[in-house]
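J.: curious how this folds, go ahead:
(2 chains)
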Amino acid sequence: MIYSDAHLSEKVFSKDIEMKPTRDGFGTGVMEAGKDDSRVVVLCADLTESTRAQWFEEEFPKRFIEAGIMEQNMAGLASGMAAAGKIPFTASYAAFNPGRNYEQIRTTIALNTQPVKICGMHAGVSVGPDGATHQMLEDIGMMRMLPGMTVINPSDALEAHKAVVAAAKTATPVYLRFARSATPVFTTEKTPFEIGKALTLWDSDKPKIAILVTGSVTHRALMAASALEAQGINSVVLSVPTIKPLDEEAIISVAKRAGNVITVEEHQVNGGFGSAVAELLAKEYPTPMRFVGIQDRFGQSGEPDELLEEYGLGVPHIVDVARALCNV
Amino acid sequence: MALTDTQTATLEKHAEEIRETIISMLVEAGSGHTAGPLGMADMFSAFYFHILKHNPKEPDWSERDRLILSNGHTVPVRYAAMAHAGYFPIKECLTLRKFGSRLQGHPERSRLPGLETTSGPLGEGLSQADGMAYAFRMDNKKNHIYVMMGDGEQDEGNVWEAVFFAGKYALSNITAVIDRNNIQIDGMTEDVMPLESLRAKYEAFNWHVIEVNGNDIPEFISAVEQAKAIYEKPTLIIAHTIPGKGIPEIEFDYHWHGKPPNKEEAKRFLKELRTAGGRVPHEYA
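T.: Now for the predicted structure:
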């Protein structure tokens, strides 16, 4: 059942739940961060409307920097602005930021310890018709490997807003991942968010399985938990928006309770969120695991929902993987 | 303002000290780049002993000018100049590239106060300079930003993104310098990937360009003063230098781009430097 301390929307399983893309949460979140702190600046590489950086530009034109289609330069610019006392957010598609400018991020931001907030939009196959070139599926792996980098993958637009506001207040570099297509806004203002903390969304007595999920597919894990309950299988759903640093205590705790773990992410299973959980559990509490995510393939054109089905992120598939792991 | 003869002589003496320290630190390290740092010693003497607004005892001073070393592989010249300017003891230079040293093979800002950026991977310094220049201008701050780049480094696409940006926003608080020594690891720059006409390329991006002899300290300082007087555009100084400057047997030889001298060579090179090619006596020669 829904875990009451998560304060989820009353409409969590309703057809008329509000739908918004997590990138909208970037747009509103960075505006709030900008109001809170005049050091916040936003740099964008010619994708101002679709990244929602436009909202900040309209509110704070003097603190918006049009960087042109130059993601490599944008990373260095942001590093330099941070060195001069600003709190820079860089916005582009994840395929280019960090996909194109990874080495610049590694050297001028991560190793150089400048607290730039790198925002990658349009991550995952749910980008839809643009196809594989624009469907970034490797960014979590790339970014979580960088020492000192915080990695956040918000579960809905409201949590994305909170994550952006929180990221502006940290003294470390942060990577934030956002999706293009609208997904259910199932959290509320009262839902807790803290960088580095996982959040229980669904809990049942004597769970047989723990579903660990990150990003804009999180609502799908809740739907799967509900379907499993209808089939008599109790589960726990742990939302893990912060992939680095992982909330180790919460993850080990649910693994111990359930004894079986599946991870769900819209990213390559190689090196992504599931890998991070597996690295932890292998060391601390070896637990049978299965990995729902992209299985070493590139994406393709299509509508978001049909692509999510094709790539194994449909609710029935999550249910099947969970049942198979529990042998039921 | 023109330098007095005494000022020039003092800066030239610092350049020689910097060169000697470079040779000593490279032979001790057993790896590293020789030609570029020797060729840049005159400019680094000019920066640390005349041009920069800085305080070696307070490296984080907020009013300081920023000197960004984009071609991080030439960092021995910066370490040597910093040590002679009083940032840290000269003997610490001998820890270059050793385990636990603050003097990493390529510079790391978080390890050594007084470095402005972490660098080595080429093409990134001007981007960071652009960011600093833009931010300082937003805040009406007068700090000037100097960026030292290599000529081979101009191969990097990232350089041209940053050149584009500085030109668009007319970031006149940036003075960039290209150490035009014509060599890179695989050979002469014009053979590896022709750069000319560098001047025309930068001018086309809305930069003001000055060409000087980078081994002539008064000429270099005069170019920097001219650059700071130009408010309409960023300025590039193409500083023609002799790679390996001061040691005739390696001057202009690209094989010395990326290797250090061995002990025998170092002894010979130091003698060359200390006696000005055998023209003056020196007690340690």
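
J.: does the longest helix along chain A reach chain B?
T.: Criterion DSSP state H: the longest helix present in chain A is helix A:22-36. No. Helix A:22-36 stays clear of chain B (CB under 8 Å from any CB of the partner chain), getting no nearer than 13.6 Å. From N, CA and C alone the C-beta is placed, and that goes for glycine too.

J.: between the following helix or strand past that helix and helix A:22-36, how big is the angle?
T.: Using DSSP states H and E, the helix or strand that follows helix A:22-36 towards the C-terminus is strand A:40-44. Angle between the axes of strand A:40-44 and helix A:22-36 is 140 degrees (criterion: axes from the mean of the first three to the mean of the last three CA atoms, to 10 degrees).

J.: contacts for whichever helix or strand comes after strand A:40-44, please.
T.: Beyond strand A:40-44 in the direction of the C-terminus, DSSP H and E gives the next helix or strand as helix A:53-59. Under the criterion CB atoms under 8 Å, 6 or more residues apart in numbering or on different chains, residues A:26-28, A:30-31, A:34-35, A:42, A:44, A:47-48, A:63-64, A:91 lie in contact with helix A:53-59.

J.: off-centre distance for the helix or strand containing B:Lys201?
T.: For B:Lys201, the enclosing helix or strand under DSSP H and E is helix B:198-204. Offset of helix B:198-204 from its chain centre (CA atoms, centre = their mean, to the nearest Å): 21 Å.

J.: just for chain B, where's the confidence low?
T.: B:1, B:284-285 (pLDDT under 70).

J.: and the longest helix seen in it, what other elements does it pack with?
T.: The helix spanning the most residues in chain B, taking DSSP H as the definition, is helix B:5-29. Helices and strands touching helix B:5-29, by 3 or more CB pairs under 8 Å, 6 or more residues apart in numbering or on different chains; DSSP states H and E, are helix B:35-46, helix B:75-85, helix B:217-228, helix B:263-274.

J.: now that helix and helix B:35-46, what's the angle there?
T.: On the basis of the same axes, to 10 degrees, helix B:5-29 is oriented at 140 degrees to helix B:35-46.

J.: which residues touch the closest residue to A:Pro241 other than its chain neighbours?
T.: Distances taken as CB to CB, 6 or more residues apart in numbering or on different chains put A:Pro154 closest to A:Pro241, at 5.2 Å, once the chain neighbours are dropped. Residues near A:Pro154 by CB under 8 Å, 6+ apart: A:22, A:25, A:160, A:162-163, A:176-178, A:215-216, A:241.

J.: try it again at 6 Å.
T.: Residues in contact with A:Pro154 (CB atoms under 6 Å, 6 or more residues apart in numbering or on different chains) are A:22, A:160, A:163, A:241.

J.: over to B:Gly277?
T.: No contacts exist for B:Gly277 under CB under 6 Å, 6+ apart.

J.: repeat that with 7 Å
T.: Going by CB atoms under 7 Å, 6 or more residues apart in numbering or on different chains, B:Gly277 touches B:Pro248.

J.: surely it is within a strand?
T.: No. Counting by DSSP: H, G, I helix; E, B strand; the rest coil, B:Gly277 falls outside a strand, being coil.

J.: from chain A, how far off is it?
T.: Here the criterion is CB to the nearest CB, to the nearest Å. By it, B:Gly277 lies 40 Å from chain A.

J.: and the stretch 151-285 of chain B, which of its residues are near chain A?
T.: Residues of the stretch 151-285 of chain B lying close to chain A (CB under 7 Å from any CB of the partner chain) are B:158, B:161-162, B:164-165.

J.: contacts for the helix or strand hosting A:Leu325?
T.: Following DSSP H and E, the helix or strand that holds A:Leu325 is helix A:315-326. Residues from elsewhere that reach helix A:315-326 (CB under 7 Å, 6+ apart): A:208-209, A:211, A:220-221, A:223-224, A:227-228, A:233, A:235, A:260, A:262, A:264, A:288, A:290, A:292.

J.: so what's the spatially most central residue of chain A up against?
T.: Compute the mean C-alpha point of chain A, and by CA atoms, centre = their mean the closest residue is A:Asn153, 1.6 Å away. Applying CB under 7 Å, 6+ apart to A:Asn153 gives the contacts A:140, A:177, A:214-215, A:241, A:243.

J.: backbone dihedrals for the residue lying closest to A:Ser239 once chain neighbours are set aside, please?
T.: Distances taken as CB to CB, 6+ apart place A:Leu199 nearest to A:Ser239, at 4.7 Å, with adjacent residues excluded. With angles defined as degrees, to the nearest 10, A:Leu199 sits at phi -140, psi 120.

J.: which residues does A:Leu199 contact?
T.: A:6, A:192, A:239.

J.: wait, A:Gly25 sits on A:Ala160?
T.: Yes. Using CB atoms under 7 Å, A:Gly25 is in contact with A:Ala160, at 2.5 Å.
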